[in-house]
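**Q** Predicted model follows, preceded by the sequence.
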Amino acid sequence: MEKDAKIYVAGHRGMVGSAICRALTQMGYKRLITRTRQDLDLCRQNDVERFFDNEKPEYVFVGAAKVGGIVANSQAPADFMYENMMLEMNVIHSAWQSGCKKLLFLGSSCIYPRMAPHPISENSLLTGELESTNEAYALAKISGLKYCEYLNRQYGTDYISAMPTNLYGPNDNYHPTHSHVLPALLRRFHEAKEQELTKVTCWGTGNPLREFLYVDDLADACIYLMNHYSGNETVNLGTGRELTIKALTDLVAKTVGYTGEIRWDSTKPDGTPRKLLDISKLEALGWRYTTELEEGLQLTYEDFLNSPIRAER
């Protein structure tokens, strides 16, 4: 990407989009294009087409998405499927129509089958049944990456997709029920510490294994791929390291300073038993993460403490 190129970051107020904007600015990219949801509803096709016709961005990062944890995905699958399908198709299609040079679509590791062999390679896609608790979201993301692939094949575009593992970091959503596991745990233990609770109950058994990538590392990887990768196959983004939810919970409690008892409610769902990505393709391209989980957790907790508006939403 040229330093003076017009670059549109869809979803710039979210955790992922804001990290990409920070990284681009630090690298000297000066012509960033952003729009709030109030200014541009990505689910409205005519509005999106008009925006691309007027702005004609040369490069596009599709970081906008409706996201949530197990509870939110289970309670509102229709909403998750509709909003994500509409916004991603509108942005990708309008980018193609307006002559965008290159686009990166961000998916999610939940696109892979629930029982895929581990570590999960990119060619595991569509080889088995999806995890039921986030199937609607996964189907929408699969559609987005496949649309990029089909545009490349049919029209010779240079649209790529990347599948990050579980993300965390500044500007995350800390809602107690509609957030992902790590920010939800940060908030829960912070409030338990404030209220001097002697015990905290967490969902599930704590046995599932998860991998976590700090969002600033993700942003760096996305820009790296835009500058160094072209191809129809998606690229996994992760660390190659995993830990149990129990171990994560202990680490979060330590970061927050909570010293009470941690209990587990095994009547609640665990979600996918394991989800570790095969990042050999990413490493072969020359990129590796730099932020270890302990450091990233501390930075994320500081963001939570300094962001009362986000903490309450």
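**A** Received it, and whenever you're ready, just let me know what you need. Numbering: from 1, shown residues only.

**Q** mind listing what residue 28 touches?
**A** residue 3 (C-beta atoms under 8 Å, 6 or more residues apart in numbering). Where you see a C-beta, it was placed from the backbone N, CA and C, and this is true even at glycine.

**Q** Let me see the confidence value for it.
**A** Residue 28 is assigned 97 on the pLDDT scale.

**Q** SS state for it?
**A** Judged by DSSP: H, G, I helix; E, B strand; the rest coil, the three-state class of residue 28 is coil.

**Q** Now do it against residue 1, distance only.
**A** Counting by C-beta to C-beta, to the nearest Å, the gap from residue 28 to residue 1 is 11 Å.

**Q** same check, this time on residue 168
**A** From residue 168 across to residue 1, the span is 26 Å (C-beta to C-beta).

**Q** Tell me which of the two has more neighbours.
**A** Higher neighbour count among residue 168 and residue 1: residue 168, with 22 against 15, using other C-beta atoms under 10 Å.

**Q** In space, what's closest to that one - neighbours in sequence excluded?
**A** The spatially closest residue to residue 168, leaving aside those adjacent along the chain, is residue 182, at 4.5 Å (C-beta to C-beta, 6 or more residues apart in numbering).

**Q** Does that neighbour touch residue 304 like I think?
**A** No. Counting by C-beta atoms under 8 Å, residue 182 does not reach residue 304; the two are 10.7 Å apart.

**Q** Please enumerate the shared neighbours of these two.
**A** residue 172.

**Q** Could you give the number of residues near the closest residue to residue 286 other than its chain neighbours?
**A** Of all residues not flanking residue 286 in the chain, residue 228 sits nearest, at 6.8 Å (C-beta to C-beta, 6+ apart). Using other C-beta under 10 Å, residue 228 is surrounded by 10 other residues.

**Q** ok, now how distant is residue 228 from residue 23?
**A** Distance of residue 228 to residue 23, given as C-beta to C-beta: 15 Å.

**Q** any idea whether residue 167 is helix, strand or coil?
**A** strand.

**Q** bridging residues for it?
**A** Counting by DSSP bridges, residue 167 is bridged to residue 213.

**Q** what residues are up against residue 73?
**A** 80, 133, 134, 136, 137.

**Q** ah, wrong one, I meant residue 191
**A** Listed by C-beta under 8 Å, 6+ apart, residue 191 has no contact partners.

**Q** in the protein, what secondary structure element scores lowest on mean pLDDT?
**A** helix 308-312 (a mean of 52; mean pLDDT, DSSP states H and E).

**Q** any idea how far residue 117 is from residue 127?
**A** Residue 127 is 9 Å from residue 117, by C-beta to C-beta.

**Q** Angles on the backbone of residue 10, please.
**A** Backbone torsions of residue 10, given as degrees, to the nearest 10, read phi -80, psi 130.

**Q** Can you get me a residue count around residue 41?
**A** Residue 41: 15 neighbours (other C-beta under 10 Å).

**Q** Helices of this structure, start to end?
**A** 15-26, 45-55, 70-75, 77-97, 135-155, 181-194, 215-228, 245-256, 280-284, 293-305, 308-312 (DSSP state H).

**Q** any residues touching the first one, and which ones?
**A** Judged by C-beta under 8 Å, 6+ apart, the contacts made with helix 15-26 from elsewhere in the structure are 7, 9-12, 32, 34, 61, 63-65, 106, 167, 169-173, 215-216, 218-220, 222-223.

**Q** Just the buried positions in that helix, please.
**A** The neighbour-count check on helix 15-26 (16 or more other C-beta atoms under 10 Å) flags 15, 16, 17, 18, 19, 20, 21, 22, 23, 24 as buried.

**Q** Contacts for stretch 274-282 next, please.
**A** In contact with stretch 274-282 (C-beta under 8 Å, 6+ apart) are residues 109-110, 112, 118-122, 163, 165-166, 208-211, 221, 233, 235-240, 242, 288.

**Q** same question for it, mean pLDDT?
**A** Rounded mean pLDDT across stretch 274-282 is 95.

**Q** What of stretch 232-251?
**A** Here the average pLDDT along stretch 232-251 is 96.

**Q** Please apply the same query to stretch 66-81.
**A** Mean predicted confidence for stretch 66-81 is 79.

**Q** gap between that stretch and the chain center?
**A** Relative to the chain's own centre, stretch 66-81 is displaced by 14 Å; criterion: C-alpha atoms, centre = their mean, to the nearest Å.

**Q** again, but for stretch 33-41
**A** For stretch 33-41, the separation from the chain centroid amounts to 19 Å (computed by C-alpha atoms, centre = their mean).

**Q** So for the closest residue to residue 262 other than its chain neighbours, what pLDDT did the model give?
**A** Spatial nearest neighbour of residue 262, chain neighbours left out: residue 200 (5.6 Å); criterion: C-beta to C-beta, 6+ apart. On the pLDDT scale, residue 200 is placed at 96.
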